[in-house]
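**Student:** Have a look; sequence and predicted model below, questions after that.
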Amino acid sequence: MVRHLPVSVSIAIVASLAITGCVAGPPAAPGELSWILEEGDAISVTPTINESLSASAPMTIAEGGTVSATGADGTTYTLTIPPDALRSNVTITMTPLASIDGLPFGEGPAIGVQLEPSGLQLDAFATLDIDGQQVPAVSEQILYSYRGTGEALALAAPDLTVEGTRILLDHFSGYGVGNGLLTDIEPIRKRLGGEAFDKLTTAVAAALFVERSAIYLGSDVERVDLSPYWAIFEEQILKPRLDAAGDSCGNSLLAQQTAMGYVRQRQLLGEEDFTLDYPGGWRSLVVLGARACLEEEYDLCRVDHIVHRMIPFWLGLQRSFALLGVGDEDASVLAEAEQKVRDCLTFSIEYSSNTSGDTDEVLVTSDVQAKAKITFDTQAIKFTSDTVPLKNTSFTLELAECTFAETTGDGTFAVENMILEPSKFDMAPPADGSEPKIGKIERIDLRLTLGLTSESAIQTCYGESFAYPPIPWWFTIASDASGPSFSQLTEWEILGGAVFATSTWSRAGELGLDEGEAILNHEPKK
């Protein structure tokens, strides 16, 4: 026998898990639904992960991928990302939970995982399969999710096409299975989900729970009527965000995220043909946002020297245009974005090295300098520079009772690649209204190609002269010194301004000492 919920309770669970943090828009909901807009304190939990059991796998846009992990209690977790769900190639990490405190339903072991990178948005649903003896029966499961490190506890959507425990997900955070019944949620329903969209997904999940229970028990499916909820969400959240999409980059990205998520939730409930009613369609919305965001992102780069956002913005824009079928008439936006990437990611490096050594009692000093412009190749997706002279600015030899006539000899200098590693940052503003993480560059790995110098000299001792042929004195001493600084600069003081970073070194080897400095300047096109 199906344990049907009374209609009033079903609607309450689905519709009241509603909207907080609304954008100012149309008047409040009618009296019978006004409580939908009431704000409440979101529930947070405290998960503890078991890092020793984490598993990682690289995944690509074209193929997606799978990663599996096993918890301490033997529960297995398998995450499957379908093709074309990712917006960039990325390494996915899944870590089983060791415990979770504050879960307001069910008792028993912690059955769940944390997914990284946290906050990663997907363009199609991924699946998380959970299997093990500790997993509750389907009729006694509450599937849940949370954001970040335990914020905004919400319900997670089950996959109705399988008999086991499978969660559908379109962003990364934490997911798990609690032991309980849907009626257990009634006392806390208004606190599930953080912001409006979390409440939407919770409402959809609750409706799917009802359908899932009926399928599991072999009874007729009792569909919950979500139309009142859809209407309130569209009027109070979606429409105001779409109307404000052209005001700023943040508003545009938020509108796109809200609209795409809303369509996905409608389709999840079987409305496969549901489309968004927006003037000009998706293309118009994406192009509108692209133009607004492009200027803002470039200003961040040009004025504030925030250099790590332009590439993911540009690649994400390419991805969005491809997915949504943006035509040739808007190709100029992509071309402009690609040029802005090149204009933003322009640097120069000033390099100097002073070497000294003792070879067969001859004291040697040889100094070099170089300056090169570093640009970003949008085809190869890497930083490079032209090959420039490595100026041999000073070369001396000293030996008792002898004199020298030295001749400097230049080498060559080029940047082979430069890798800028940023901290975590948000390309889109968090939907809960909190300040986005801008991020900063935390590590620089700059690799050089250094060509041989060719210093020469004429030595005169006791009236006799000897000519030294061209010898790479600087190169020999510098390359012999210990450490990576000769051709790979990884130790930087990152300043983050026009003088973006500096690196100094003092390295000793059997042949002598290499001391030097590199200055990395950020020089975006104004």
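**Tutor:** Nice, I can see it.

**Student:** how about the closest residue to T60 other than its chain neighbours, what does it touch?
**Tutor:** Of all residues not flanking T60 in the chain, N89 sits nearest, at 4.8 Å (CB to CB, 6 or more residues apart in numbering). No exception for glycine: its C-beta is placed from N, CA and C like everyone else's. N89 makes contact with 58-61, according to CB atoms under 8 Å, 6 or more residues apart in numbering.

**Student:** Please pick the buried ones from the residues you listed.
**Tutor:** Taking 16 or more other CB atoms under 10 Å as the criterion, what is buried in the contacts of N89 is 59, 61.

**Student:** Keep only those of the contacts of N89 that are in strands.
**Tutor:** The strands, defined by DSSP state E, take in 58-59 from the contacts of N89.

**Student:** with the contacts of N89 in mind, which one is nearest to G451?
**Tutor:** Nearest to G451 out of these is P58 (CB to CB; 35.0 Å).

**Student:** And the pLDDT at that closest one?
**Tutor:** For P58, the pLDDT comes out at 93.

**Student:** how far away is it from S88?
**Tutor:** Noted for P58: a distance of 12 Å to S88, by CB to CB, to the nearest Å.

**Student:** measure the residue nearest to T60 to I81 for me?
**Tutor:** For N89, the distance to I81 - CB to CB - is 11 Å.

**Student:** what's the overlap in contacts for the two?
**Tutor:** Between them, N89 and I81 share the neighbouring residues M59, with contact defined by CB under 8 Å, 6+ apart.

**Student:** same for the top helix by length along the chain, what does it pack against?
**Tutor:** Assignment by DSSP state H gives helix 281-304 as the longest helix of the chain. Judged by 3 or more CB pairs under 8 Å, 6 or more residues apart in numbering; DSSP states H and E, the packing partners of helix 281-304 are helix 249-268, helix 310-324, helix 331-344.

**Student:** Mind listing what's buried along it?
**Tutor:** Those would be 282-283, 285-294, 297-298, 300-302, for helix 281-304 by 16+ other CB under 10 Å.

**Student:** now do stretch 138-155
**Tutor:** Neighbour-count burial for stretch 138-155 [16+ other CB under 10 Å]: 138, 141-147, 150-155.

**Student:** With stretch 330-347 instead?
**Tutor:** 333-334, 337, 340-347.

**Student:** Over to stretch 63-81?
**Tutor:** By 16+ other CB under 10 Å, the buried positions in stretch 63-81 come out as 64-65, 67, 69, 71, 75, 77-81.

**Student:** Please apply the same query to stretch 376-395.
**Tutor:** Neighbour-count burial for stretch 376-395, counted by 16+ other CB under 10 Å, picks out 376, 378, 383-385, 388, 390-392, 395.

**Student:** can I get those in TSV with secondary structure, distance to I519 and pLDDT?
**Tutor:** Formatted as TSV, those follow (DSSP: H, G, I helix; E, B strand; the rest coil; distance: CB to CB, whole Å; pLDDT from 0 to 100):
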residue	secondary structure	distance to I519	pLDDT
F376	strand	19	96
T378	coil	25	94
F383	strand	16	96
T384	strand	19	94
S385	strand	14	96
V388	strand	15	98
L390	strand	16	97
K391	strand	16	97
N392	strand	19	97
F395	strand	23	97
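
**Student:** and which of these is nearest to D243?
**Tutor:** Nearest to D243 among these, with distances taken as CB to CB, is T378, at 34.3 Å.

**Student:** still on that earlier bit, and the furthest pair within the buried residues of stretch 376-395?
**Tutor:** Greatest spacing in these, by CB to CB: T378 and F395 (40.2 Å).

**Student:** just to revisit the earlier point, what does the residue nearest to T60 show for phi and psi?
**Tutor:** When read as degrees, to the nearest 10, the backbone of N89 gives phi -70, psi 140.

**Student:** Would you mind measuring from the closest residue to I81 other than its chain neighbours to A157?
**Tutor:** Closest residue in space to I81, ignoring its immediate chain neighbours: G64 at 3.9 Å, by CB to CB, 6+ apart. As defined by CB to CB, G64 lies at a distance of 19 Å from A157.

**Student:** mind listing what's buried in the strand or helix carrying A205?
**Tutor:** In the assignment (DSSP states H and E), A205 maps to helix 196-216. For helix 196-216, the neighbour count (16+ other CB under 10 Å) marks 196-215 as buried.

**Student:** Stretch 153-168 now?
**Tutor:** In stretch 153-168, the ones that count as buried by 16+ other CB under 10 Å are 153-160, 165-168.

**Student:** Let's see the distance spanning that stretch from one end to the other.
**Tutor:** One end of stretch 153-168 to the other measures 16 Å (CA to CA, to the nearest Å).

**Student:** Tell me who's in contact with the closest residue to E107 other than its chain neighbours.
**Tutor:** Excluding its sequence neighbours, the residue lying closest to E107 (CB to CB, 6+ apart) is N179, at 6.2 Å. Shown in contact with N179 (CB under 8 Å, 6+ apart): 105-108, 136, 140-142.
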